[in-house]
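Engineer: next come a sequence and a model predicted from it.
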Protein chains: 2
Amino acid sequence: MGALDRLFRPRAVALVGASRERYAIGGAILHNLIRAGFRGQIFPVNPRAGVLHGLTCYPSVDALPAPVDLAIIAVPRPAVIATLRACGRAHIGAAVLITAGYRETGPEGRGLEDELLQVARTCGIRLVGPNCMGIMNMADDVRLQASFSASLPTTGTIAFASQSGAVGEAMLALLHERGLGVSMFVSLGNKADVSSNDLLAEWGDDSATRVILLYMESFGHPQKFLDVAARVTRHTPVIAVKAGRSAAGARAAASHTGALAGSDSAVDALLAQSGVIRADTVEECLIYASALATQPLPAGPRVVVVTNAGGPAILATDTAMACGLQMASLSDETTAALRALLPAEASVRNPIDMIASAQAPQYEAVVRLVAADPGVDALIVMFTALETNQPTPVADAIIAATRGLAKPVLACFMGTMTDGSGVTRLREAGLPVYTFGEDAARALSVMVRYQTARQRPVDPPAPLPEGDWAAITALCDTLTRQQRRQMTLADAQRVLEWAGIPVWPWREVASVDEVPAALTGLRLPAVAKISSAVIVHKSDVGGVLLGLHSPEAVSAAVVALLERARRVDPAATVVLQEQAPAGVEIIAGAVRDGRFGPLVMCGLGGVFVEVFKDVSLGVHPLRRSDIQAMLRRLRAFPLLDGARGRPKADLAALEDILRRLEALMVACPAIAEVDINPLIAAPVGSLTAAADARVTLAADGA
Amino acid sequence: MGALDRLFRPRAVALVGASRERYAIGGAILHNLIRAGFRGQIFPVNPRAGVLHGLTCYPSVDALPAPVDLAIIAVPRPAVIATLRACGRAHIGAAVLITAGYRETGPEGRGLEDELLQVARTCGIRLVGPNCMGIMNMADDVRLQASFSASLPTTGTIAFASQSGAVGEAMLALLHERGLGVSMFVSLGNKADVSSNDLLAEWGDDSATRVILLYMESFGHPQKFLDVAARVTRHTPVIAVKAGRSAAGARAAASHTGALAGSDSAVDALLAQSGVIRADTVEECLIYASALATQPLPAGPRVVVVTNAGGPAILATDTAMACGLQMASLSDETTAALRALLPAEASVRNPIDMIASAQAPQYEAVVRLVAADPGVDALIVMFTALETNQPTPVADAIIAATRGLAKPVLACFMGTMTDGSGVTRLREAGLPVYTFGEDAARALSVMVRYQTARQRPVDPPAPLPEGDWAAITALCDTLTRQQRRQMTLADAQRVLEWAGIPVWPWREVASVDEVPAALTGLRLPAVAKISSAVIVHKSDVGGVLLGLHSPEAVSAAVVALLERARRVDPAATVVLQEQAPAGVEIIAGAVRDGRFGPLVMCGLGGVFVEVFKDVSLGVHPLRRSDIQAMLRRLRAFPLLDGARGRPKADLAALEDILRRLEALMVACPAIAEVDINPLIAAPVGSLTAAADARVTLAADGA
């Protein structure tokens, strides 16, 4: 049996806190267990009831007459621990804890939750909840609806885990409305034990599940999520709605589940590296799921649109182009066949407008023709109901023409349906039906992107590059003992060099006397910069002097800067550095996030990072392909890639620097943050190097 | 009577081409006229029928027994002209021409359409169509459903014009589904005579109409649209779905209606200047219309979210923040009252989560409280149906608590509704009901933006600035005679100066001998640039030499450039120009669009215009406020507005240059395009001026 088999495929279930009251929680769950037709035994447990719904009721878990795999616990909070212990004695391997009043209520509840988790572990019980709505497994040989949801999903291919009961309930209702069936559902609640990560692993191996949906408000273990999700998404698409994109949303999420929501950009990076499809809204999630749960993936982005009305097809085409699909070019043979088939007023160029006179035979013939065209990867078939046509025969024609086709087909039916069965038949035949062509186009573009992500190279994390971590750790220890959080510029640049990151040629001088010796190794013009652990924003205090073309100018600058700096920081020195040529300025850096661990960042430098927010993040551990994707996610990437006749930047050098930033954060936990601004991105053969740096230590000197 | 009264409020209607066949077009229209309960007389016209649906049928228009205001014409194309002439003789003032086979079919059809328009004009007939579905006026004293649409809308406040019959049909079905009523509907067809502009003007004055929806594939007269729409949107919101955003979409639009779709950026500019709300999809249009048709506009962006479940509220909050709304801060009194009212587990911070135990009384009390808080501009009230609550009493509570409220209220009901009447009651009470909080938040943000746009200052176009148009025209004439399309750099810079646009200090030299004289007025360092009508991309051929610090360097550069240039263009000269300081580089320009007329453009210069596509357009005539909005629409605007301690650019000088570009295009029709790249944007007190220019003449020398 798999790790969660006793949870999802129990042979017998005990409902502890079963109730006669239909609208009490313990009554609603009993009602659901019965009406769904659970294939195993149901043992209601309630000390005050003899028989419930014709089932013998047992006064306690200890009194159960037979082995039980799963307990659904809906007793008052004070009775929970004793119930769990009883479950342990009864060798019940899994429990769903409905009861609320734990971590979501504050510190006291958090303590109680820790305690019950401890008890569950001791008793060998895998636990869903607390503070959840329950679980479902709609497989025909299980039929477990062990929740107080009002839904009874049809059996299908979508597995869904929700961190919010209400979003879960809303989504189940919408899936049902759109004719989409469910394989399994879990209301995660506080995720004390069983988490989305466990479910991803379980459902990734479930043959009944074609798509996994997640509604998440927080990540418990981002790195584990990355590991599991990256594996699962190679064969099963995962769509996540992650709440808390906005600051206010994140605050609401925090007060809702007591979970600390991670930075949204880190979430984006994590989902991208995992190959997970992020949906911005529940509706988007449904739009994508309808297609992914029913259709094969397209081999490419070339879509054909077939319609009986021009306007809706134009809107679909607009959206298709905007989200990166291509309008398929039909072969001359297909075009000629279409021409022969359709009236003169019809348009045989994609989108194919068969005009309003099109009836079922035209739909069947045209869809068959374009489906067979090797230049077509996917079909959007649109139908507008008019007074002069009938939806049901058209639906049947589309079903007949696409049966067994290895390309995705998405249908759009709009207008006042003179009979309601057309849409139903399409759905029963396993075709997704949208009202708007725009939605079909968006779903298809997500399928194309998923197909690409799915085929990404298997690229295990390479060993992190080596550096002189001992030297860096020794420096960090010294500074931590001195309760310093900020490194001087010179120390920061030394740290980069120890980590193997090239720094633009530089020397440190503590007095003007040292200038001549320093200049022997540097080419003029130079820049002089204050190096101080106290003066953090050196530019703001005139601490940077540019364009020093002669040794005399350099000496004068050093005198001036030392004079200025030492009023504030007697230990200040000056860094002399060759002036970097104008070029593409990049910023790169790394930060240690409390939840996500080391994050690596890069972006276009200068003021543009603030105006255009054009940065991209990566979450440790980064594969080589992740780093390449990070660079390519930058909207400014064309500037690095030789846009407008510019020289191509040395991308391998940039990738190496990002890898080394990651290695530095992993090897030296005392470092909280590294900023390289600017990083000079030069063409291959020239020096790509940091031209300024800042390193911050962790407050606790971790 | 208004201009279109005989169309929309006819006392008698003739249906020419009436048919006994229920599913023929002439039969479907007759059926609709009758079932809608048209208040006036209906005269079917058909030479082969005696009585249709109990109505006496007349053999011809000439045989009509009484005065008729409106003819619906559904006869074969060859009979159309004669029918129109008969309508003229019968003093029928308006006609809806259903018949197709005109402009949409090619040159021959276009000729026929021109002819029938001529006939209609001669006969004094206002014409809708040809190639359309018909019109509706659902006012209780009219009840005109003169179309072959399958819809019979309820009477309401939404007026809707569609350039596509199918999109019209789909939208009418969706409006009905969401309980939204219609005042008038027009299927525009080929727009030979009556256009969206006419309808905007008509509907803007219609007291029954609260919102106007447009589905457009092309603009007939963009400037007239701007004029009319800018007036109407001051009191009535207009939402437009403009198809053809993508290139392929535009191609489909062109083949669909034979209309040339304008450049999409110009469409964006036109709609922005008109105060029209652009919806990207039909669904977005519905989302916005539901709220605008029923709710008062919010005084500001501060929204409160009331919910019985955390998850959905978080998603709504995320969207609200992302689209520019603010989460209202509740007063201490409101917060205290909420605290007293709600259980301890509830969250009284916005979003207000009353938790799952909330029933109708809590909804009523909480909604009343927050609605009365002066810090709240708008309410989103969310309800998730659970096993333990009932939608209908909650709906009634929301209705009671918000009756007569002068703030917008948007409801979101989700989950499996145990009874269906809650949503219906809300809609009957005039509240928009969404499934997703995200949609409610988007609708609200559009209301806030419309409220701002509506209150924009009344700012008549100022007279265009003066320039030496005679000099420019003379130069253009000369060049046109020489069949030149490209001006030299020197000519282009002279044109700018004649138009009153400052140019960075410069001199033109034709030989090295002229350098000393030229340098008397210029400060070094200088730049030397080839000025030639032949060498267009001078940078690409080494035609620009920078950093000339001495007169000798300048002379050497002039010699080199002349030598290089005259191999190709014996008339080439050199422009010497002071080297502009580093600063914010802008591009500005103007182009004459075949359909939109003069378009003015500005954007962030350098490579960033290509990478970030950060440009904004304006359509002539531009109000001062439009030009200010153009600059503010740039994502890079903060760079001009003093971001990161930069000096604020001289915005008045930039506005003046854009105004003068507009004036130049209006005054000199021979100019096809002007490009200023770069335009140096300096702080107030310093010179804001063009540092390079290109002027292209119209191919036809227009």
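Structural biologist: Everything's here; your move. Note that the structure is predicted; figures quoted are calculated from it, not measured. Numbers count the residues shown, from 1 in each chain, chains lettered A, B, ... in the order given.

Engineer: can you pull out the strands in the stretch 151-300 of chain A?
Structural biologist: Secondary structure of the stretch 151-300 of chain A (DSSP state E, counting those that start in this stretch): strands at A:155-162, A:182-187, A:211-216, A:238-242, A:277-279.

Engineer: quickly run through the sheet partners of the second one, with directions.
Structural biologist: Read it as strand A:182-187. With DSSP bridges as the test, strand A:182-187 is paired with strand A:134-137 (antiparallel), strand A:155-162 (parallel).

Engineer: still on that earlier bit, got the strands of the stretch 151-300 of chain A as CSV, with mean pLDDT and mean neighbour count columns?
Structural biologist: In short, each C-beta sits where N, CA and C put it, glycine included. Shown next, in CSV, are these (pLDDT from 0 to 100; neighbours: other C-beta atoms under 10 Å in any protein chain shown):
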stretch, mean pLDDT, mean neighbour count
strand A:155-162, 97, 24
strand A:182-187, 98, 28
strand A:211-216, 96, 27
strand A:238-242, 94, 25
strand A:277-279, 94, 22
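
Engineer: returning to that earlier point: with distance to B:Ala649 added, can I get the strands paired with strand A:182-187 in a markdown table?
Structural biologist: What follows is those, written out as a markdown table (distance: least, C-beta to C-beta, whole Å):
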| stretch | distance to B:Ala649 |
| --- | --- |
| strand A:134-137 | 60 |
| strand A:155-162 | 50 |
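
Engineer: mind checking which helix or strand of chain A has the lowest mean pLDDT?
Structural biologist: helix A:247-257 (a mean of 49; mean pLDDT, DSSP states H and E).

Engineer: quick one, domains of chain A?
Structural biologist: As assigned by automatic domain parsing, chain A contains the domains A:1-133, A:149-293, A:302-454, A:505-579, A:584-697.

Engineer: quick one: the helices in the stretch 201-350 of chain A, in order.
Structural biologist: Assigned by DSSP state H, counting those that start in this stretch, the helices in the stretch 201-350 of chain A fall at A:222-232, A:247-257, A:264-274, A:282-292, A:310-322, A:332-341.

Engineer: residues of the stretch 251-400 of chain A that sit close to chain B?
Structural biologist: In this structure, the stretch 251-400 of chain A approaches chain B at residues A:251-253, A:255-257, A:280-283, A:308-315, A:317-322, A:327, A:345, A:347, A:349, A:351, A:353, A:356, A:384-388, judged by C-beta under 8 Å from any C-beta of the partner chain.

Engineer: just the stretch 401-550 of chain A next, same as before
Structural biologist: A:414-416, A:418, A:435-436, A:438-439.

Engineer: gap between stretch A:667-674 and the chain center?
Structural biologist: Centroid separation between stretch A:667-674 and its chain, computed with C-alpha atoms, centre = their mean, to the nearest Å, is 25 Å.

Engineer: ok, now which ones touch the residue minimising distance to the centre of chain A?
Structural biologist: The residue lying closest to the centre of chain A (C-alpha atoms, centre = their mean) is A:Leu271, at 2.4 Å. Counting by C-beta atoms under 8 Å, 6 or more residues apart in numbering or on different chains, A:Leu271 makes contact with A:240, A:242, A:277-278.

Engineer: so how far is A:Ala453 from it?
Structural biologist: Relative to A:Ala453, A:Leu271 is positioned 10 Å away (C-beta to C-beta, to the nearest Å).

Engineer: A:Ala672 belongs to a strand?
Structural biologist: Yes. Under DSSP: H, G, I helix; E, B strand; the rest coil, A:Ala672 falls within a strand.

Engineer: what sits against it?
Structural biologist: A:Ala672 neighbours (C-beta under 8 Å, 6+ apart): A:485, A:591-592, A:696-699.

Engineer: from the residues you listed, which would you call buried?
Structural biologist: Buried residues within those, counting neighbours by 16 or more other C-beta atoms under 10 Å in any protein chain shown: A:485, A:591-592, A:696-698.

Engineer: using TSV, lay out these together with distance to A:Gly404.
Structural biologist: Formatted as TSV, the buried ones among the contacts of A:Ala672 follow (distance: C-beta to C-beta, whole Å):
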residue	distance to A:Gly404
A:Arg485	66
A:Val591	52
A:Arg592	53
A:Thr696	61
A:Leu697	63
A:Ala698	60
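
Engineer: out of these, which are inside strands?
Structural biologist: Of the buried ones among the contacts of A:Ala672, the ones assigned to strands by DSSP state E are A:591-592, A:696-697.

Engineer: smallest gap between the stretch 451-600 of chain A and chain B, at which residue?
Structural biologist: Here the stretch 451-600 of chain A gets closest to chain B at one residue, A:Asp540, 8.5 Å apart by C-beta to the nearest C-beta.

Engineer: that residue and A:Val568, how far apart?
Structural biologist: Between A:Asp540 and A:Val568 the distance, using C-beta to C-beta, works out to 13 Å.

Engineer: likewise for A:His53?
Structural biologist: A:His53 sits 79 Å away from A:Val568, taking C-beta to C-beta as the criterion.

Engineer: which residue in the residues of the stretch 401-550 of chain A next to chain B has the weakest pLDDT?
Structural biologist: Ranked by pLDDT, these bottom out at A:Thr418, which has 64.

Engineer: wait, A:Ala663 sits on A:Ala499?
Structural biologist: Yes. Assessed by C-beta atoms under 8 Å, A:Ala663 is found in contact with A:Ala499 at 6.7 Å.

Engineer: hey, what's in contact with both of those two?
Structural biologist: With C-beta under 8 Å, 6+ apart as the test, A:Ala663 and A:Ala499 both reach A:Gly467.

Engineer: which regions of chain A lie under the pLDDT threshold?
Structural biologist: Along chain A, the parts satisfying pLDDT under 70 run over A:1-3, A:245-263, A:418-419, A:583, A:606-610, A:644-645, A:700-702.

Engineer: confirm A:Gln628 sits in a strand?
Structural biologist: No. Counting by three-state DSSP, A:Gln628 falls outside a strand, being helix.

Engineer: now do the contacts for it.
Structural biologist: A:651, A:655.

Engineer: for the one 3 residues further on, same thing?
Structural biologist: For A:Leu631, the contacting residues are A:602, A:616, A:637, A:640, A:651, A:654-655, A:658, taking C-beta under 8 Å, 6+ apart as the criterion.

Engineer: repeat that for 7 Å
Structural biologist: Counting by C-beta atoms under 7 Å, 6 or more residues apart in numbering or on different chains, A:Leu631 touches A:602, A:637, A:640, A:651, A:654.

Engineer: out of those, which comes closest to chain B?
Structural biologist: Among the contacts of A:Leu631, A:Phe637 lies closest to chain B (C-beta to the nearest C-beta), at 8.5 Å.

Engineer: ok, and the closest non-adjacent residue to that closest one?
Structural biologist: Excluding the flanking residues, the one nearest A:Phe637 by C-beta to C-beta, 6 or more residues apart in numbering or on different chains is A:Leu631, at 6.1 Å.

Engineer: tell me the secondary structure for the one you found?
Structural biologist: Applying three-state DSSP: A:Leu631 is helix.
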